[in-house]
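> The following block contains a protein sequence and its predicted model.
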Amino acid sequence: MTNPSTASSSYTHFPKPFITISSRTELITAINTLKERNFTALSPIHAGASFGVMWWCSLIKGTHISSILDCGASVALATEALHVGIDGVVCRDSRPADHANNTNRIFLERPQSLSLAEYLSNMR
């Protein structure tokens, strides 16, 4: 398993910074504010278990932003998220299904992230 906050540059499909996004409005604001700057949208802690995979799919639909859904310890949700095309998942269970084919997409720990407001404050 890979921790994206310490991953080498070979994991370029998860660009830094990691910004915790909790709504479609917040995601669109981040995209419009950051313009050409790449970032990875990270769901709130355990959001996959709380709101479901389809909630995250709806939130990121139509964007080209890399995203990671935090599925808590649910292997089933992590597997579903990967199968529907979500870029990466946090799954605290050390036995995620199909790990061999997804080593750069399944993470045991959340990467360090900032809220959008924190990130924008740091840019000033």
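Sure, I can see it. Since the structure is predicted, the reported quantities are computational estimates derived from the model, not experimental observations. Numbering: from 1, shown residues only.
> now Ser58: how far from Phe51?
10 Å (Cβ to Cβ, to the nearest Å). Glycine gets a C-beta too; all of them are placed from N, C-alpha and C.
> helices and strands around the helix or strand bottoming out on mean pLDDT in the chain, which ones?
The helix or strand of the chain with the poorest confidence is strand 106-107; it has a mean of 88 (mean pLDDT, DSSP states H and E). Under the contact definition 3 or more Cβ pairs under 8 Å, 6 or more residues apart in numbering; DSSP states H and E, strand 106-107 sits against strand 88-90.
> I'd like the mean pLDDT over the strand it packs on, please.
For strand 88-90, the per-residue pLDDT values average out at 94.
> same check, this time on stretch 34-48
On average, stretch 34-48 scores 95.
> do the same with stretch 110-124
Per-residue scores along stretch 110-124 average to 91.
> Alpha carbons of that stretch, in CSV - could you do that?
Below are the C-alpha coordinates for stretch 110-124, written out as CSV (Å, rounded to 0.1, in the frame of the first residue of the first chain):
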residue,chain,number,x,y,z
ARG,A,110,-5.2,9.5,4.5
PRO,A,111,-2.7,11.9,3.0
GLN,A,112,-2.1,15.2,4.8
SER,A,113,-4.5,17.6,3.4
LEU,A,114,-5.9,21.1,3.8
SER,A,115,-9.4,22.5,3.5
LEU,A,116,-9.9,24.8,0.6
ALA,A,117,-10.0,27.8,3.0
GLU,A,118,-6.7,26.7,4.6
TYR,A,119,-5.0,26.3,1.3
LEU,A,120,-6.2,29.7,0.0
SER,A,121,-5.0,31.3,3.3
ASN,A,122,-1.5,29.8,2.8
MET,A,123,-1.3,31.1,-0.8
ARG,A,124,-1.5,34.8,0.4
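> And that stretch, what's buried?
Of the residues in stretch 110-124, Arg110, Pro111, Ser113, Leu114, Leu116, Tyr119 count as buried by neighbour count, 16 or more other Cβ atoms under 10 Å.
> Can you name every helix or strand that the longest helix seen in the chain contacts?
Ranked by residue count and defined by DSSP state H, the top helix of the chain is helix 24-34. Counting contacts by 3+ Cβ pairs under 8 Å, 6+ apart, helix 24-34 is packed against helix 53-60, helix 116-123.
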